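S.K.: Quick one, fold the following:
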Amino acid sequence: MIRGRKPFIGRAARASPTPTRPGGAVIKRVLLAAGLATLAAACSTDGGADRITYKDPDQLSVFSIPSEWHLYELSELSALADLPFSESFQGLEFPTVSHVAFDGSPARDVTNVITPMAQASYPIGSVSVRSVGPDARDYLSRVVLHQTVLPYYTYNQPDEVAKEDFSFGAGFDGIRVLVTYVDQNNQDVAVAYLISVHDAAEQRIFSIVAGCNLTCFTTNQATIEEVVDSWLVNTKA
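M.R.: Below you'll find the predicted structure:
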């Protein structure tokens with residue numbers, strides 16, 4: 001059964017410092033003023049003339065992207081050295097069950113989705129399902145759920161602008177985060193919005209992430225939110 005979600009209330013989980021680069025204080029003001037309080041506004045997953053709805057082959061999840069964006073299935077992503085937004089954590093591996101990536105670049109190219117987010121001038125992201133092996137189950141946590149998608153704790157000046165527990169119900173529980181961080185090479189700022197949940201019954205991690213650099217995110221925030229918030233999981237698969 002596909003289940004919905006409660007609104008993202010846009011509160012920070014902790015008092016964290018705004019990035020200390022020039023104009024850093026503006027970053028949080030722009031993001032909050034642009035509508036964090038309504039991050040999870042209702043949106044249709046039925047597609048339409050301007051949207052493409054994707055269901056993975058095993059019917060595990062569904063989400064929508066704008067029709068002008070590009071979608072890359074696992075057969076294409078497998079040609080990359082590493083799958084985007086799929087990380088190990090402290091030596092623990094989470095094998096891929098299903099993985100698809102997307103971008104809003106003007107030109108379709110699978111390598112777009114491995115562009116460092118702080119350097120991406122167009123939205124990039126992915127939807128994945130990964131298995132949790134017996135050796136990882138005792139170590140699973142909210143930190144593992146988001147750091148195996150985007151390991152921003154290892155990046156410069158990570159700032160969890162908004163963070164809260166998240167649930168689809170039926171044992172699909174996890175975390176929802178809006179985070180900024182600073183590229184260590186050129187001081188560009190990345191902004192990412194992600195949701196990651198653990199299916200306790202089947203021992204799988206379901207995740208979606210989308211983002212880009214600060215300028216891009218400010219321009220495309222509403223669309224990025226719609227993509228992430230369109231994502232639903234099949235709790236009866």
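
S.K.: Let me know the helix or strand that Phe217 is in.
M.R.: Take DSSP states H and E as the rule and Phe217 turns out to sit in helix 214-230.

S.K.: Next SSE downstream of that helix?
M.R.: Downstream of helix 214-230 (by DSSP H and E), the next one is strand 232-233.

S.K.: Which residue is the nearest non-sequential neighbour of Glu76?
M.R.: Val110 (4.9 Å; C-beta to C-beta, 6 or more residues apart in numbering). In short, each C-beta sits where N, CA and C put it, glycine included.

S.K.: Would you mind measuring from the one you found to Asp103?
M.R.: 9 Å (C-beta to C-beta, to the nearest Å).

S.K.: Settle it for me: which of the two has more neighbours?
M.R.: Asp103 (27 against 17; other C-beta atoms under 10 Å).

S.K.: Does Glu164 touch Arg176 like I think?
M.R.: Yes: under the criterion of C-beta atoms under 8 Å, Glu164 makes contact with Arg176 at 5.6 Å.

S.K.: Comparing those two, which shows the higher neighbour count?
M.R.: Remark: of Glu164 and Arg176, Arg176 carries more neighbours, 24 against 16, as counted by other C-beta under 10 Å.

S.K.: Would you mind giving the secondary structure of the residue nearest the centre of the chain?
M.R.: Closest to where the C-alpha atoms of the chain average out (C-alpha atoms, centre = their mean) is Val209, at 1.2 Å. Following DSSP: H, G, I helix; E, B strand; the rest coil, Val209 is assigned to strand.

S.K.: if we look at the sheet, which residues does it bridge to?
M.R.: With DSSP bridges as the criterion, Val209 is bridged to Ser126, Leu194.

S.K.: low-confidence ranges in the chain?
M.R.: 1-49 (pLDDT under 70).

S.K.: if we can go back for a sec, overlap in contacts of Val110 and Asp103?
M.R.: Residues touching both Val110 and Asp103 (C-beta atoms under 8 Å, 6 or more residues apart in numbering): Tyr72.

S.K.: the longest strand in the chain is where?
M.R.: When the chain is parsed with DSSP state E, its longest strand is strand 156-169.

S.K.: re earlier: now do the residue nearest to the centre of the chain against Pro134, distance only.
M.R.: Separation of Val209 from Pro134 (C-beta to C-beta): 26 Å.

S.K.: re the thing from before, the longest strand of the chain: partners in the sheet, and parallel or antiparallel?
M.R.: strand 172-182 (antiparallel).

S.K.: Could you check the angle the strand it pairs with makes with helix 214-230?
M.R.: In terms of direction (axes from the mean of the first three to the mean of the last three C-alpha atoms, to 10 degrees), strand 172-182 departs from helix 214-230 by 170 degrees.

S.K.: buried stuff in strand 172-182?
M.R.: Across strand 172-182, burial judged by 16 or more other C-beta atoms under 10 Å covers Phe172, Asp173, Gly174, Ile175, Arg176, Val177, Leu178, Val179, Thr180, Tyr181, Val182.

S.K.: wait, the residue nearest to Glu76 sits on Tyr72?
M.R.: Yes: assessed by C-beta under 8 Å, Val110 is found in contact with Tyr72 at 5.0 Å.

S.K.: where do the contact lists of those two overlap?
M.R.: The contact sets of Val110 and Tyr72 overlap at Ala101 (C-beta under 8 Å, 6+ apart).

S.K.: thought the residue nearest to the centre of the chain was touching Tyr152?
M.R.: No: with contact taken as C-beta under 8 Å, Val209 and Tyr152 are classed as non-touching, separated by 10.5 Å.
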